[in-house]
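Engineer: this one's structure only:
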């Protein structure tokens, strides 16, 4: 929609006044950081340290967690579309590199998670056998 010459809706949100632009960017960044950090687990216990934060941001748990993710995602998209500083940040080499390899990382992240689970499970259990079900076949042979 930004390629239309006659009607550019985002121009109404781009402020010439620097103070309004800073206020807009702070509000969008706040929305991204607060609602983007909500997850589907909410408060794990009544004495959980993050329970007051989650219940406040989720409007006393009446708002579903996925609505918070939509609010956080939309605010990040709007921040990048409207702020020249955010556009400059995402044009830097580290962000461009992460953008190039992000799909590859998405495809192989399960291998690393599985490797960590297999490799460290036995270490944290203080046993030689990595899984508790390793001897089930031997126990069945004895029956």
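Structural biologist: Cool, got the structure. Here the structure is a predicted model, which is why all the values come from computation and not from measurement. Numbering: from 1, shown residues only.
Engineer: Could you list the low-confidence segments of the protein?
Structural biologist: 1-4, 42, 44-48, 50, 121-143 (pLDDT under 70).
Engineer: Could you spell out which stretches of it belong to which domain?
Structural biologist: What the record gives for the chain is the domain set 1-91, 100-143, from automatic domain parsing.
Engineer: For these, state which one has the densest average packing.
Structural biologist: Most buried of those, by mean neighbour count (mean count of other CB atoms under 10 Å): domain 1-91, with a mean of 13. C-beta here means a position set from N, CA and C on the backbone, and glycine is covered the same way.
Engineer: Where do the helices of this protein begin and end?
Structural biologist: 18-35, 51-57, 65-82, 84-90, 93-125, 136-142 (DSSP state H).
Engineer: helices or strands up against the fourth one?
Structural biologist: I take that to be helix 84-90. helix 65-82 (3 or more CB pairs under 8 Å, 6 or more residues apart in numbering; DSSP states H and E).
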